[in-house]
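In: coords please:
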Amino acid sequence: MPTMTLAKAINAGLRDALAADEMVMLMGEDIGALGGVYRVTEGLKAEFGEDRVVDSPLAESGIVGTSIGLSLRGYRPVGEIQFDGFVYPAFNQITTQLAKLHARSRGQLTVPVTIRIPYGGGIGSVEHHSESPEALFAHTAGLRILTPSNPHDAYWMTRHAIECEDPVIVLEPKRRYWLKGEVDTEDPGTSADPFRAHVVRQGADATIVAYGPLVPVALAAAEAAVEDGRSIEVVDLRSLSPIDFDTVTASVQKTGRLVVAHEAPTFGGLGGEIAARVSERAFLSLEAPVIRVGGFHMPYPVSKVEGQYLPDIDRILEALDRAFAY
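Out: As a prediction, this is how the structure comes out:
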């Protein structure tokens with residue numbers, strides 16, 4: 001199997017989707033000649049032409065609105081939002097049109113639109129370039145949301161999102177674009193159903209649930225916890241809407257403790273929903289309250305202090321300590 005960076009795996013997924021279906025097209029700011037800010041779409045315009053890899057104006061609402069119209073004419077558009085914090089001008093299009101059209105038409109219309117959004121911090125940039133807006137979209141019924149933590153998942157999530165009849169937001173963890181791993185483009189393996197969570201490390205004493213950019217951090221924390229004699233299970237959520245609560249619940253019923261970690265602020269974040277659902281479904285299995293680790297309820301800080309804002313190994317280990325103190 002070839003080894004690729006996460007960015008190259010997405011590029012490969014887009015290339016194979018374009019080659020497999022002539023109705024697939026890409027649209028976004030600087031994705032053509034430049035190949036995108038992170039070069040994720042590099043080489044695709046030269047291979048498939050400017051009619052299928054379209055450099056859009058600097059108008060996110062236009063990217064999404066045009067994608068909706070194209071999807072109603074049989075296309076499968078993939079719109080790129082250049083940075084997470086740039087998505088808000090398109091929020092109205094996404095939440096009041098894209099997410100609603102299938103239900104509004106009583107199932108007669110489908111809008112197979114994929115929206116790619118690089119998200120999260122850790123790249124030394126300020127607000128509008130380092131945000132984690134997933135909870136805003138997960139709250140909106142009618143959208144599917146995926147986020148990869150490794151190159152293999154990144155390839156197959158890209159393919160599945162484009163083939164899905166529902167609108168899909170793919171949140172790409174930008175600080176993991178250079179993470180390398182093996183990618184099997186023939187066999188999806190555990191990526192066959194990207195809407196199912198994946199237990200990426202087995203354990204017996206506590207569960208860490210994470211997704212996207214924090215999965216490597218959670219795995220490192222679990223490895224560090226071995227020195228304290230603790231066996232930590234790590235679940236990569238992968239899908240943020242729908243959430244695979246069955247896999248999470250089964251893990252907690254086995255381990256008895258749960259820490260949920262994400263870069264987004266804990267206030268109003270997905271960790272709160274996960275904590276509530278697990279408390280409802282596995283209350284008698286819990287040996288301690290569900291503990292959340294996340295960003296702080298504040299605008300994203302300047303790069304010099306973002307290391308104090310983002311959850312790291314120490315903060316996850318401290319959360320584990322609190323869970324084991326009960």
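In: In the worst-scoring helix or strand of the chain on mean pLDDT, which of the residues would be classed as buried?
Out: Within the chain, no helix or strand scores below helix 306-309, which has a mean of 91 by mean pLDDT, DSSP states H and E. With burial defined by 16 or more other C-beta atoms under 10 Å, the residues of helix 306-309 counted as buried are 306, 309. For every residue, glycine as well, the C-beta is placed using N, CA and C.
In: Quick check, residue 258 in contact with residue 207.
Out: Yes - using C-beta atoms under 8 Å, residue 258 is in contact with residue 207, at 5.0 Å.
In: can you give me the strands in the stretch 201-326 of the chain?
Out: 206-210, 232-236, 239-241, 258-265, 291-295 (DSSP state E, counting those that start in this stretch).
In: residue contacts, the nearest residue in space to residue 133 that is not next to it in sequence?
Out: Of all residues not flanking residue 133 in the chain, residue 84 sits nearest, at 5.9 Å (C-beta to C-beta, 6 or more residues apart in numbering). Going by C-beta atoms under 8 Å, 6 or more residues apart in numbering, residue 84 touches 117, 118, 119, 120, 128, 129, 130, 131, 132, 133, 171.
In: biggest separation within those, which pair?
Out: Farthest apart among the contacts of residue 84 by C-beta to C-beta are 128 and 171. That separation is 15.7 Å.
In: Looking at these two, which one has more neighbours?
Out: residue 171 (25 against 14; other C-beta atoms under 10 Å).
In: Please report how far the residue nearest the centre of the chain lies from residue 69.
Out: The residue lying closest to the centre of the chain (C-alpha atoms, centre = their mean) is residue 147, at 2.0 Å. Distance, residue 147 to residue 69, by C-beta to C-beta, to the nearest Å: 27 Å.
In: With residue 310 instead?
Out: For residue 310, the distance to residue 69 equals 38 Å [C-beta to C-beta].
In: More neighbours: which of the two?
Out: A side-by-side neighbour count of residue 310 and residue 69, using other C-beta under 10 Å, places residue 310 first with 23 against 13.
In: Name the nearest residue to that one, ignoring sequence neighbours.
Out: Once flanking residues are discounted, residue 310 sits nearest to residue 121: 5.5 Å by C-beta to C-beta, 6+ apart.
In: Contacts for stretch 243-252 next, please.
Out: 195-199, 207, 209, 233, 235, 237-238, 258, 270, 273-274, 277-278, 281-282, 285-286.
In: hmm, which of these are the buried ones?
Out: 195, 197-199, 207, 209, 233, 235, 237-238, 258, 270, 273-274, 278, 281-282, 285-286.
In: ok, now which ones touch the closest residue to residue 239 other than its chain neighbours?
Out: Nearest non-adjacent residue to residue 239, counting by C-beta to C-beta, 6+ apart: residue 195, 4.2 Å away. By C-beta under 8 Å, 6+ apart, the contact set of residue 195 is 144, 146, 238, 239, 242, 244.
In: Which of those residues sits closest to residue 180?
Out: Looking across the contacts of residue 195 and measuring by C-beta to C-beta, the closest to residue 180 is residue 238, at 19.1 Å.
In: Would you state the predicted confidence (pLDDT) at the closest one?
Out: At residue 238, the pLDDT value in this model is 98.
In: Quick check on it: phi, psi?
Out: phi 70, psi -60 (degrees, to the nearest 10).
In: Wait, the residue nearest to residue 310 touches residue 309, no?
Out: Yes - Residue 121 is within contact range of residue 309, at 7.1 Å (criterion: C-beta under 8 Å).
In: shared neighbours of those two, anything?
Out: residue 300.
In: Of the strands of the stretch 201-326 of the chain, which stretch is the most buried?
Out: strand 206-210 (a mean of 29; mean count of other C-beta atoms under 10 Å).
In: how about the helices in the stretch 201-326 of the chain?
Out: Assigned helices in the stretch 201-326 of the chain, in chain order: 215-225, 245-255, 270-281, 306-309, 313-324 (criterion: DSSP state H, counting those that start in this stretch).
In: In JSON lines: these, plus distance to residue 300.
Out: JSON lines is the format used below for the helices of the stretch 201-326 of the chain (distance: least, C-beta to C-beta, whole Å):
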{"stretch": "helix 215-225", "distance to residue 300": "18"}
{"stretch": "helix 245-255", "distance to residue 300": "27"}
{"stretch": "helix 270-281", "distance to residue 300": "17"}
{"stretch": "helix 306-309", "distance to residue 300": "7"}
{"stretch": "helix 313-324", "distance to residue 300": "17"}
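In: The ones you listed: lowest mean pLDDT?
Out: When I compare the helices of the stretch 201-326 of the chain, helix 306-309 is least confident, with a mean of 91.
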